[in-house]
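**Student:** Predicted model and sequence below, questions to follow.
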Amino acid sequence: MTGKIKYILILTLTLVFVNASAQNSQVLYYMNLPQNHLLNPALRPSNSLYIGLPVISGLNFNINNNFVNFSDVIMKGQPKDSLISFLHPDYNVDNFLAKIQDKNSIEPEIMFQLFGLGFSVGKSSYVFLDINDRIEGNIVLPKDLFTLALKGNADFTGSNIDLSSLRADMKYYREFGLGFSTNFTDRLRIGIKGKLLFGIACASLDNKSLGITVNDDYSHTLYADMAVNLSGPLTVNMDSKNNISGIDFDDNRFKNSSGIIDFFTGKKNMGLGIDVGATYDITEKIVVSASITDLGYIRWKKDITNLKANNTFEFSGLNLQDVVNGTKTIDEVGQDMLDSLKNAFVVSKSKAPFTTYLPFGVSLGGSYNLTKQFSVGFLSYSRIIGKQIREAFTLSANVNLGNAFSTAISYTAENHQYNNLGAGLAFRPGIFQFYIITDRIPVMWNKIQDGKSNVIIPANWNTFNLRFGMNVVFGNKVKKKNDKPMVVVE
Amino acid sequence: MIKRSFLFISLLMALFVSGCIKDTYNMKMLSKKGHLSPSLAISAVKGDISFSDAVKTNDTVVFDQNKLVVLVFKKDPLVDLKLTDFTKGTIVKTAVIDPSSFDLDISDILKHINGTFKFFSPSIKFNYTNSFTNPVKVNLNITGRRNTNTVALILAPFTLSKPNFPTQQEISASYVIDKANSNLPDLISLPPEIINYSGSVDMTITTKEGQEGDNAIGSNRLLGSLEVQIPLDLQLTNLQFADTVDNFIKNDDSDSEFGPEDFQFLRIMIAAKNGFPLGVSMKMSTYNTSTKSKSTVDATGILLPAPVDGNGKANGVTETSTTIEFTKEFFSSAKTADKIIFQFILNTTGTPPQEVKIYSDYMIQFNAALVVKPDINLN
């Protein structure tokens, strides 16, 4: 393995092994940036016009897991400086399992802004338009799955291997958002953004129940009621017994530009979304705010494949009666059992449209302006993904020197992790506004050596979140009091 | 402004990266060792199996009208005598049954068996067709032999039925030899590999000279066969069946990455409802013929016998739960052993074991589960 590949693997592992967060850019909330309306459409920047250029205006990466870190997988061994993995014979795998949660999630998210536009209308209103491409994943692995893989099924005797929380959902969609915010009263500002969503590809596991009961006599009852919904250039092949014989990727449609354009600009998978938010000035110095974002759905209709399995199968051992009778061999009895198992979970294939719902966020915030340039704030952000709720609570100190310079330092407590320091920085030379934001600054690092090469990775990275880009901005209207910006700046 | 900002960011980055190195991981020191040791449990086999499922009726095994299991061995013909075979005596003519034997073809089984067992009601039927009109008396000398041990039948000469000439040309009948007129139970309980027989047939002339009817013509004949019947009405006391086979556990495939030594243990858990009045214990040993070393797994009482009524017939079931554990030490010894020795010990119901009868509708209900803990090497 070459060094580069090894480092890529290490980095990939690191990215996968960062712990889960509420997956947001909490630091962004109190910064004077056009992008903060993504978190609350009532928020507006101080500039009178901003233009977001394709891709370079906004890139947002998140990847999270809530169960293990890199150091949980590779750790120090004996003798000193030697390294072992969690599968090493000297390591007690129970220690690894102790770190596994009941529901272990991996949530990658990428968003890049294709276009952005925002401008002031009148004295207090602000209109904004966004086109974003978003790739979002949510994979949940139940603890029982890890225990089953590492410890076997014997420990489950008399109980249930519950895999009903297993979930896998990955979708790629484009959102067109058009919104505005305005002051309804001197104190109250409300913003709303409607979004038209166009799905590009999706794979979604709808798991109603899945598990194995291990009875006291070691007989097993397998049950499954689940469906996999696909929308994409895939062909699922079935054999004569309705078993999946293969999945082909339809690469023909990508052999010419029209096919590629058709795929990336398809309009058949349409959905709607909405963001609403409000800010309220309790006093000149105290502002509270609330928002609900990403409330929406996509109805998938193009290139649909639904695979469904719903049945129960009980295995209580190979029945030797036929073998003793001499009517069958033990091999035939075994094959009969396997056939029964296959037949019990025959996959039905259909092409019915399906709906996926977006994970939505609920923000509650408050800020206190110590001076015109300096404020402190708190933000509670909850992300609701199906039946899961991710909660994060952030305290921040924010400095906004007009449009020229904006920075924030934050502390976030989320998912039982209390060492999350974040920071954001934005500065504006001329009409260009650069920004970089992360909710988590790793304060401890590990150095990975391989001969002469070194790679530095965070020692205990609870989330990887990075948002950066460059806006083109004009004007700075916040001097007027009736604009009621969330962040009062000079 | 730009320069200052970049300087600020660079300074922050440098501080974060250089100031707080927690650990250094030298990937060249990463051990490649890896292993998994899951405990896997599965219900492996089950069955509700009656004697008649396991053994079908055939020439050797029959089920009588009461479903009692009976073993049958036949020797046909045993005698085939014509008048010319008899001596020329005037009153008593004698024919000789030449010494011969018949093999019960159970020597392979008997080689592996020791212990005590007893059959209570075996019988031998001497089936014959006789057309001699003069009285015929058969003197049979039968002995059973197993290895160097022999047991004699000790049977008194017996007279055969004769046809009622001239209305009856021949008669077919049987003479039953059993515990009432012989030492047959002891002979059968030997049990014999081979039955040797010899003897003579005496014909007493009762008709006047020249009035011997068909006897004088010489077409008369005596055809006789033996049919040994052994009802499974028996008593077993520590009847042991032992067999030594080549070590089938040892993995001779050098390319295979998984061998018996890679098991921490293998547990066979047997739950049974035994309707047979037979109890079974089992031992399995690895044996190294060079070092004479042995490692044994003992499964005493794997099946306990069913209770019986006063006639020796099972009238219930006995439930047992047994765990046979094959340990890592056993698998380690299997790696060097060249033989595996199996030993099964059978006892009939009771202490001391008592007489029981085996019926074809006896049933055993069982299931066997496996719990195995392999050491899976991921290196």
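**Tutor:** Good, I have the coordinates. All values derive from a computational prediction rather than experimental measurement.

**Student:** right, and B:Asn238 touches B:Ile345 too?
**Tutor:** Yes: here B:Asn238 reaches B:Ile345: they are 5.8 Å apart, a contact under Cβ atoms under 8 Å. For glycine as for every other residue, the C-beta is placed from the backbone atoms N, C-alpha and C.

**Student:** Looking at the two, which one has more neighbours?
**Tutor:** B:Ile345 (20 against 13; other Cβ atoms under 10 Å in any protein chain shown).

**Student:** what's the more buried one in contact with, if anything?
**Tutor:** For B:Ile345, the contact set (Cβ atoms under 8 Å, 6 or more residues apart in numbering or on different chains) comprises B:Gly115, B:Asn238, B:Leu239, B:Gln240, B:Phe241, B:Val280, B:Ser281, B:Met282, B:Lys283.

**Student:** Settle this for me: the fourth one is touching B:Phe344, isn't it.
**Tutor:** Yes: proximity of B:Gln240 to B:Phe344 meets the contact threshold set by Cβ under 8 Å, at 7.1 Å.

**Student:** how about the helices in the stretch 201-350 of chain B?
**Tutor:** Counting by DSSP state H, counting those that start in this stretch, the stretch 201-350 of chain B has helices at residues B:214-217, B:328-336.

**Student:** weakest of those in terms of mean pLDDT?
**Tutor:** In terms of mean pLDDT, the lowest-scoring of those is helix B:214-217 (a mean of 49).

**Student:** What helix or strand is A:Gly194 located in?
**Tutor:** Here A:Gly194 sits within strand A:188-214, counting by DSSP states H and E.

**Student:** Show me what counts as buried in the following helix or strand past that strand.
**Tutor:** Once the chain leaves strand A:188-214, the next helix or strand it forms, by DSSP H and E, is strand A:220-231. The neighbour-count check on strand A:220-231 (16 or more other Cβ atoms under 10 Å in any protein chain shown) flags A:His220, A:Leu222, A:Tyr223, A:Ala224, A:Met226, A:Ala227, A:Val228, A:Asn229, A:Leu230, A:Ser231 as buried.

**Student:** Pull up the gap between the fifth one and A:Ile385, please.
**Tutor:** Relative to A:Ile385, A:Met226 is positioned 18 Å away (Cβ to Cβ, to the nearest Å).

**Student:** Quick check: bridge partners of the nearest residue to A:Ile56 once chain neighbours are set aside?
**Tutor:** Among residues not flanking A:Ile56 along the chain, A:Met470 sits closest, at 5.3 Å (Cβ to Cβ, 6 or more residues apart in numbering or on different chains). Per DSSP bridges, the residues bridged to A:Met470 are A:Phe434.

**Student:** With A:Val455 instead?
**Tutor:** Using DSSP bridges, the beta-bridge partners of A:Val455 come out as A:Ile448.

**Student:** any idea how far it is from B:Tyr25?
**Tutor:** For A:Val455, the distance to B:Tyr25 (Cβ to Cβ) stands at 9 Å.

**Student:** what's the overlap in contacts for these two?
**Tutor:** A:Lys447, A:Ile448.

**Student:** For stretch B:303-320, measure first residue to last.
**Tutor:** 6 Å (Cα to Cα, to the nearest Å).

**Student:** Name the residues that touch stretch B:110-123?
**Tutor:** B:146, B:176-179, B:184-185, B:187-189, B:191, B:193, B:228-243, B:345-346, B:355.

**Student:** Mind giving me the ChimeraX command for buried ones among these?
**Tutor:** In ChimeraX syntax, the buried subset of those is picked out as below (16+ other Cβ under 10 Å):
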select /B:146,177,184,185,187,188,189,191,193,228,229,230,231,232,233,234,235,236,239,240,241,345,346,355
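
**Student:** Those residues of the stretch 251-400 of chain A touching chain B, which are they?
**Tutor:** Residues of the stretch 251-400 of chain A lying close to chain B (Cβ under 8 Å from any Cβ of the partner chain) are A:Phe315, A:Ser316, A:Gly317, A:Leu318, A:Asn319, A:Leu320, A:Gln321, A:Val324, A:Asn325, A:Gly326.

**Student:** The nearest residue to A:Ser48 once chain neighbours are set aside: what's it in contact with?
**Tutor:** Spatial nearest neighbour of A:Ser48, chain neighbours left out: A:Gly475 (3.3 Å); criterion: Cβ to Cβ, 6+ apart. For A:Gly475, the contact set (Cβ under 8 Å, 6+ apart) comprises A:Asn47, A:Ser48, A:Leu49, A:Ser120.

**Student:** rerun that using 6 Å as the cut-off
**Tutor:** A:Asn47, A:Ser48, A:Leu49 (Cβ atoms under 6 Å, 6 or more residues apart in numbering or on different chains).

**Student:** and it, how far is that from A:Phe405?
**Tutor:** Taking Cβ to Cβ, one finds A:Gly475 at 16 Å from A:Phe405.

**Student:** Also A:Asn243?
**Tutor:** 62 Å.

**Student:** do the same with B:Ser225
**Tutor:** For B:Ser225, the distance to A:Phe405 (Cβ to Cβ) stands at 119 Å.

**Student:** Once you drop chain neighbours, what's closest to the residue of the stretch 1-150 of chain B found nearest chain A?
**Tutor:** Residue nearest to chain A within the stretch 1-150 of chain B: B:Pro38 (3.0 Å; Cβ to the nearest Cβ). Spatial nearest neighbour of B:Pro38, excluding adjacent residues (Cβ to Cβ, 6+ apart): A:Gly152 at 3.0 Å.

**Student:** give the contact list for the one you found.
**Tutor:** So, once contact is read as Cβ under 6 Å, 6+ apart, A:Gly152 ends up touching B:Pro38, B:Ser39, B:Leu40.

**Student:** Who wins on neighbours among these?
**Tutor:** Within those, neighbour counts (other Cβ under 10 Å) peak at B:Pro38, which reaches 20 neighbours.

**Student:** Confirm that one sits in a strand?
**Tutor:** No: counting by DSSP: H, G, I helix; E, B strand; the rest coil, B:Pro38 falls outside a strand, being coil.

**Student:** got the residues of chain B near chain A?
**Tutor:** By Cβ under 6 Å from any Cβ of the partner chain, the part of chain B that sits against chain A consists of B:1-2, B:5, B:17, B:20-27, B:29-31, B:33-35, B:38-47, B:49, B:53-54, B:367, B:369, B:371.

**Student:** could you flag which of the residues you listed are buried?
**Tutor:** Members of the residues of chain B next to chain A classed as buried by 16+ other Cβ under 10 Å are B:5, B:25, B:27, B:30-31, B:33-35, B:38-47, B:49, B:53, B:367, B:369, B:371.

**Student:** Restricted to strands, list those.
**Tutor:** If you go by DSSP state E, those have B:25, B:35, B:40-47, B:49, B:367, B:369, B:371 in strands.

**Student:** Quick one: the helices in the stretch 1-150 of chain B, in order.
**Tutor:** Here the stretch 1-150 of chain B has its helices, by DSSP H, counting those that start in this stretch, at B:2-19, B:51-54, B:107-110.

**Student:** Can you get me a residue count around the nearest residue to A:Leu230 once chain neighbours are set aside?
**Tutor:** Of all residues beyond its chain neighbours, the one nearest A:Leu230 is A:Thr305 (4.3 Å), with distances taken as Cβ to Cβ, 6+ apart. Using other Cβ under 10 Å, A:Thr305 has 18 other residues around it.

**Student:** secondary structure class for A:Thr305?
**Tutor:** Under three-state DSSP, the three-state class of A:Thr305 is strand.

**Student:** Just the pLDDT at it, thanks.
**Tutor:** 90.

**Student:** For B:Ala156, see how far away the closest residue to A:Asp262 other than its chain neighbours is.
**Tutor:** Here the nearest residue to A:Asp262 in space, its sequence neighbours aside, is A:Arg253; by Cβ to Cβ, 6+ apart that works out to 7.2 Å. Distance from A:Arg253 to B:Ala156, counting by Cβ to Cβ: 102 Å.

**Student:** Neighbour count: these two, which is higher?
**Tutor:** A:Arg253 (13 against 8).
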